[in-house]
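J.: fold the following and give me the result.
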Amino acid sequence: MRGPAARHSHGGHAVPSINLAIVGVGKIVRDQHLPAVAANADYRLVAAASRNGRVDGIANFGSIEEMLAAVPEIDAVSLCMPPQYRYAAAVKALEAGKHVFLEKPPGATLSEVEDLAAQARAKGVTLFASWHSRHAPAVEAARAFLAGTTVRSMRVTWKEDVRHWHPGQAWIWEAGGLGVFDPGINALSIVTRILPRPVFATEATLEFPQNRAAPIAASIRFSDTQGLDLRAEFDWRQTGPQSWDIEAETGAGTMLLSHGGARLAVNGQVVHAEPEQEYPELYRHFARLVRAGESDVDLAPLRHVADAFMLGRRVVVEPFHD
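T.: The predicted structure is shown next:
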């Protein structure tokens, strides 16, 4: 895999592929990143680094340091390890002059990601803080609908079963792992994209299991400069069908963005629904950023999580066991 860089046609011109490496080979990489990269001619996957996982057919290493030293032709790195370890790895990649793709959430704290953005600017490389749910197929249609009417209220219901989505994953319950905000931040990434004005948290309640350092549920109220009534409910204890819904009462009727942003209905009629293409679009956007020499680091979703922790009334609930 280390021969001359592959080339593909781009606007009628031959363009070298981006030599990509992936760090942190877990479930999300196998389910989403690898298929998206394999289907995109902009990329040539040349290496991976992970403590436990491996990717067949390319060079594999136990650490990002080993990988960067052994494969200097890497152009860009996708960092897919837990957020608590992402900053240190990103610093290594940026110091080596590599473009960096950050899985969501982009870091354990706002300060970390802000510093990475400054380092990327200083190095003249791309930093992409990715929010995959923003690329759900009906999100832009919802944004366009809300831009043409008055938003009176909004209800966000994001409830799922942590045992199904994160079985045995201890890091999500540790400081910096975000707990229920790991999925909840997906909803916030959509809300901050589709609303015509910025919102801010006004109150929050966070439920912490007795044996965990991160919340299992959260209830947050938001408003904006026009007094919008926005309420979000996040819960990791839902069994059966999962709930990923954003409902808004507007001057043009009721809007329901459901299935995590895949389907849009207005007044009960489905007006937009397409197959999910979140990760393929993330990688298309990352390639555009790299080619243009630009970065995309929107911290609004993470900032709302930080505000919820600052404002939140902490409630201790029964222990959680996998």
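J.: can you give me the helices for the protein?
T.: 27-28, 34-38, 64-70, 86-95, 110-123, 139-147, 162-165, 181-194, 278-292, 300-311 (DSSP state H).
J.: would you turn those helices into TSV with mean pLDDT?
T.: Formatted as TSV, the helices of the chain follow (pLDDT from 0 to 100):
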stretch	mean pLDDT
helix 27-28	92
helix 34-38	98
helix 64-70	98
helix 86-95	98
helix 110-123	98
helix 139-147	98
helix 162-165	93
helix 181-194	98
helix 278-292	98
helix 300-311	97
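J.: next, the buried residues of stretch 196-214.
T.: Residues of stretch 196-214 classed as buried by neighbour count (16 or more other Cβ atoms under 10 Å): 199, 201, 204, 205, 206, 207, 208, 209, 212, 214. (C-beta placed from N, C-alpha, C; glycine too.)
J.: gap between the residue nearest to the last one when sequence neighbours are not counted and residue 81?
T.: Read it as residue 214. Setting aside the residues directly before and after it, residue 214 is nearest to residue 179 in space (Cβ to Cβ, 6 or more residues apart in numbering), at 2.9 Å. In this view, residue 179 and residue 81 are 18 Å apart by Cβ to Cβ, to the nearest Å.
J.: about what we covered before: out of the buried residues of stretch 196-214, list just those in strands.
T.: Using DSSP state E, the subset of these located in strands is 201, 204, 205, 206, 207, 208, 209.
J.: and those residues, which is closest to residue 298?
T.: residue 201 (17.1 Å; Cβ to Cβ).
J.: now do the contacts for that closest one.
T.: 220, 221, 222, 304, 307, 308, 311 (Cβ atoms under 8 Å, 6 or more residues apart in numbering).
J.: also residue 193?
T.: Residue 193 touches 131, 134, 139, 143, counting by Cβ under 8 Å, 6+ apart.
J.: count of residues packed around the second one?
T.: In this case it means residue 134. Close neighbours of residue 134, defined as other Cβ atoms under 10 Å, add up to 23.
J.: give me the pLDDT for the closest residue in space to residue 121 that isn't next to it in sequence.
T.: Of all residues not flanking residue 121 in the chain, residue 295 sits nearest, at 7.3 Å (Cβ to Cβ, 6+ apart). Residue 295 is assigned 98 on the pLDDT scale.
J.: next, count neighbours for residue 295.
T.: The burial count for residue 295: 18, using other Cβ under 10 Å.
J.: now residue 64
T.: Counted by other Cβ under 10 Å, the residues lying close to residue 64 total 26.
J.: next up, the contacts around it.
T.: Neighbours of residue 64 in contact, by Cβ under 8 Å, 6+ apart: 23, 49, 77, 89, 92, 93.
J.: between those residues, which sits nearest residue 194?
T.: residue 77 (30.3 Å).
J.: the closest one: neighbour count?
T.: Residue 77: 27 surrounding residues under other Cβ under 10 Å.
J.: that one against residue 20, yeah?
T.: Yes: at 7.4 Å, residue 77 counts as touching residue 20 under the criterion of Cβ atoms under 8 Å.
J.: what's the distance between residue 158 and residue 259?
T.: Residue 158 is 12 Å from residue 259, by Cβ to Cβ.
J.: mutual contacts of the two, please.
T.: Overlap of the contact sets of residue 158 and residue 259 (by Cβ under 8 Å, 6+ apart) consists of residue 244.
J.: higher neighbour count, the two?
T.: Neighbours per residue (other Cβ under 10 Å) separate residue 158 from residue 259, with residue 158 holding more: 27 against 17.
J.: distance to residue 240 and pLDDT added to the ones in strands among the buried residues of stretch 196-214, as JSON lines?
T.: As requested, those are exported to JSON lines (distance: Cβ to Cβ, whole Å; pLDDT from 0 to 100):
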{"residue": "201", "distance to residue 240": "29", "pLDDT": "98"}
{"residue": "204", "distance to residue 240": "26", "pLDDT": "98"}
{"residue": "205", "distance to residue 240": "24", "pLDDT": "98"}
{"residue": "206", "distance to residue 240": "24", "pLDDT": "98"}
{"residue": "207", "distance to residue 240": "20", "pLDDT": "98"}
{"residue": "208", "distance to residue 240": "24", "pLDDT": "98"}
{"residue": "209", "distance to residue 240": "21", "pLDDT": "97"}
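J.: between these, which sits nearest residue 286?
T.: residue 201 (29.6 Å).
J.: what is the neighbour count of residue 81?
T.: Neighbour tally, residue 81, other Cβ under 10 Å: 20.
J.: please name the nearest non-neighbouring residue to it.
T.: residue 24 (3.3 Å).
J.: how much space between that neighbour and residue 49?
T.: Distance from residue 24 to residue 49, by Cβ to Cβ: 8 Å.
J.: again, but for residue 156
T.: Look at residue 156 and residue 49: by Cβ to Cβ, they are 36 Å apart.
J.: re the thing from before, winner for burial among the helices of the chain?
T.: Most buried of the helices of the chain, by mean neighbour count (mean count of other Cβ atoms under 10 Å): helix 181-194, with a mean of 24.
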